[in-house]
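Q: Fold the following and give me the result.
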Amino acid sequence: MAHSDWEAVIGLEIHVQLATSSKIFSAASAGFGERPNTSVDPVTLGMPGVLPVLNREVVELAMRLGLALGCTIDQSSRFARKHYFYPDLPKGYQISQFAAPICQGGEVRCVVDGEVLSFRLNRIHLEEDAGKNVHDQRNDRSLVDFNRAGVPLVEIVSEPDLRSAAHAVAYMKAVHQVVVALGVSDGNMERGNFRCDANVSVRRRGAKAYGTRTEVKNVNSFRFIGRAVTYEIDRQIGLIEAGGEVTQETRGWDDEAGITRSQRSKEEAYDYRYFPDPDLLPVVIDDAWLASVRATLPELPLDRWRRFQDELGLSAYDADVLTQSVERANYFEQVAKGAGDAKLASNWVTGELMAQLNRDGVALGDSPVAADALTELLGLVTAGTISAKMAKTCFQAMYHKGVSAKDWVAANGGQITDPAVIAEHVDTVIAANPGQVVQYLGGKEKLLGFFVGQVMKATRGKANPGQVNTVVRERLAAQKGDS
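A: Numbers count the residues shown, from 1 in each chain. Model prediction:
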């Protein structure tokens, strides 16, 4: 729905589970898929007399993310207690960061409609996750699994700079690409390792004051965030234009119904009664530690996207497809370097390879055709040993049967490039089709493709198409001259 008189104001809070083997304040496993309430210990369950001990790796991963996003790293941050009472919070409070987060400021850069936009960050802070409520409707009961309680998170909080659902989707995708590229998280949305809360309000275009916002909680899909934000913008505008008022509340996204649903009134910071956690010392980061983390930062996805265009000559679209994951970008770069032709490598990785993997539901890491095998195949194409059409047939044998490109050529023969052999086939085809020759000479030049096709059929697709085209033209031109 178009609303030219209105403007949306959107801020996102993205929760990212950090890639550690143990929890943020204890040695209990942070793994996924264990039997309920088995990845727990006295610290996780908040038993009396136990004390939290901070996981050093958690701090390093948060620093890594903050540096990559241009944040200021607070070299003396601290934890606070955030009080609320839900069954999945065993202590009655969550350990988080409030007044002194580990990262402040920074930005997220992303591509929207081919344009690079920058959205400001407010902060990135560390916190522990809560457990999981499981509602058993069949037996009319609710259960709690504390395995996830204490799992380390960072919360990435944007400023309210986003103005559309497209902005929200692009922003969320960009953050996901960065955390995965850095190794900060696996970004698995199905497991809840990367999820988003969207704060949405609307105001008359040109107004300075913000409208009343709602928070759409725990959206774990790029498609869902786009649909949820779009719906919420339309809902709020429709409500105001009908004479109603937006209520500040927390809402949930129901994708099946395509709507957000009210869940509870929205809390403010003072509702949580934050105060510094007395059991945890400030997190002190010295200059040497900060410098060592900075030195390990890899090339970020957006920088790689630009380099693929500027240095390798790829289109913005191809560069975007290739940088959707670190694994795909690395695979492509290995093939492009070995084949010596970035565009050819891009066409094969984004085309033949990805299409086959998608059809079979196979991840790139499990591809039967490794990067060096595809490099060998493309080397045979660029050398003229096989044609592009033959390469596709060869690729299928490589993918399904595990044969190498060179072995396939040895068994099936390479491309026919001998001028004498090609000329012989051309002459045979022309002699066998006098009617088509007369039509061609009479001006029906589209028949050129017919003659080329017949030669390719006679050679089982092995003749060099370019050479065949040239010889056919020459032979038919000669006949026209003779006539």
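Q: Mind listing what's buried along stretch 297-317?
A: Neighbour-count burial for stretch 297-317, counted by 16 or more other CB atoms under 10 Å, picks out L300, P301, L302, R304, W305, R306, F308, L312, L314. Glycine gets a C-beta too; all of them are placed from N, C-alpha and C.
Q: Surely the fifth one and V111 touch.
A: When you say that, I think you mean W305. Yes: using CB atoms under 8 Å, W305 makes contact with V111 at a distance of 7.2 Å.
Q: Need the overlap of contacts for those two.
A: Residues touching both W305 and V111 by CB atoms under 8 Å, 6 or more residues apart in numbering: A316, D320.
Q: Does the closest residue in space to R205 that isn't next to it in sequence lie in a helix or a strand, and which?
A: For R205, the nearest residue in space outside its immediate sequence neighbours is E7; the separation is 4.7 Å by CB to CB, 6 or more residues apart in numbering. Secondary-structure element containing E7, defined by DSSP states H and E: strand 6-17.
Q: Output the longest helix belonging to the protein.
A: Counting by DSSP state H, the longest helix found in the chain is helix 222-241.
Q: That one - contacts with which helices or strands?
A: Where contact means 3 or more CB pairs under 8 Å, 6 or more residues apart in numbering; DSSP states H and E, helix 222-241 is packed against strand 6-17, helix 165-182, strand 194-204, strand 214-219, strand 249-254, strand 259-265.
Q: still on that earlier bit, list the contacts of the residue nearest to R205.
A: Contacts here follow CB under 8 Å, 6+ apart; on that basis E7 touches R163, V202, R203, R204, R205, G206, A207.
Q: partner strands of the longest strand belonging to the chain, parallel or antiparallel?
A: For the chain, the strand with the greatest residue count under DSSP state E is strand 115-128. Its sheet considered, strand 115-128 pairs with strand 103-104 (antiparallel), strand 107-112 (antiparallel), strand 152-158 (antiparallel) by DSSP bridges.
Q: Tell me which of those strands lies nearest to V472.
A: Between V472 and the strands paired with strand 115-128, the shortest separation by CB to CB is 45.5 Å, and it involves strand 107-112.
Q: Just give me how far that closest one sits from the chain centre.
A: A distance of 13 Å separates the C-alpha centroid of strand 107-112 from that of its chain, computed with CA atoms, centre = their mean, to the nearest Å.
Q: go on, stretch 280-293?
A: Counting by CA atoms, centre = their mean, stretch 280-293 is centred 30 Å from the centre of its parent chain.
Q: Just give the number of residues close to V409.
A: 18 (other CB atoms under 10 Å).
Q: Name the helix or strand for it, please.
A: Mapping V409 onto the secondary structure by DSSP H and E places it in helix 405-412.
Q: could you point out which element follows that helix?
A: Beyond helix 405-412 in the direction of the C-terminus, DSSP H and E gives the next helix or strand as helix 419-432.
Q: circling back to that earlier point, run the chain-centre distance for the strand holding E7.
A: Using CA atoms, centre = their mean, we find the averaged C-alpha position of strand 6-17 to lie 18 Å away from the chain's own average C-alpha position.
Q: Stretch 207-225 now?
A: For stretch 207-225 - counting by CA atoms, centre = their mean - the centre lies 21 Å from the chain centre.
Q: first vs last residue of that stretch, how far apart are they?
A: For stretch 207-225, the separation between the terminal residues is 25 Å (CA to CA, to the nearest Å).
Q: Please list the outside residues in contact with it.
A: For stretch 207-225, the surrounding residues in contact (CB under 8 Å, 6+ apart) are 7, 9, 160, 165, 168-169, 172-173, 176, 189-190, 192, 194-203, 228-229, 232, 236, 245-253, 255, 260, 263, 266.
Q: give me that answer again for 7 Å
A: Around stretch 207-225, the neighbours that count as contacts under CB atoms under 7 Å, 6 or more residues apart in numbering are 9, 160, 168-169, 172-173, 189, 192, 194-203, 228, 232, 246, 248-253, 255, 260, 263, 266.
Q: Now the buried members of those residues.
A: Neighbour counting by 16+ other CB under 10 Å classes 9, 160, 168-169, 172-173, 189, 192, 194-203, 228, 232, 246, 250-253, 260, 266 among the contacts of stretch 207-225 as buried.
Q: Break the protein into its domains for me.
A: Domain segmentation of the chain under automatic domain parsing yields 6-289, 299-412, 419-482.
Q: which residues of this protein score low on pLDDT?
A: Scanning the chain for pLDDT under 70 picks out the ranges 1-2, 266-270, 418, 480-483.
Q: that older thread, S404 is nearest to which of the strands paired with strand 115-128?
A: Of all the strands paired with strand 115-128, strand 107-112 comes closest under CB to CB, at 38.0 Å.
Q: Phi first, then psi, for the residue nearest the centre of the chain.
A: Nearest residue to the geometric centre of the chain (CA atoms, centre = their mean): Q324, 4.5 Å. Backbone geometry at Q324, expressed as degrees, to the nearest 10, gives phi -60, psi -30.
Q: about what we covered before: helix 165-182 and the longest strand of the chain, what's the angle between them?
A: Angular relation of strand 115-128 and helix 165-182 on a 0 to 180 degree scale: 60 degrees, by axes from the mean of the first three to the mean of the last three CA atoms, to 10 degrees.
Q: any idea of the angle strand 115-128 forms with strand 6-17?
A: Using the same axes, to 10 degrees: strand 115-128 against strand 6-17 is 50 degrees.
Q: Which residues does strand 115-128 contact?
A: Under the contact criterion CB under 7 Å, 6+ apart, strand 115-128 has outside partners 24-25, 58, 62, 65-66, 69, 71, 94-97, 101-110, 150-159, 161-162, 171.
Q: contact partners of the helix or strand encompassing R359?
A: In this assignment (DSSP H and E), R359 forms part of helix 354-360. Under the contact criterion CB under 7 Å, 6+ apart, helix 354-360 has outside partners L364, S367, Y399.
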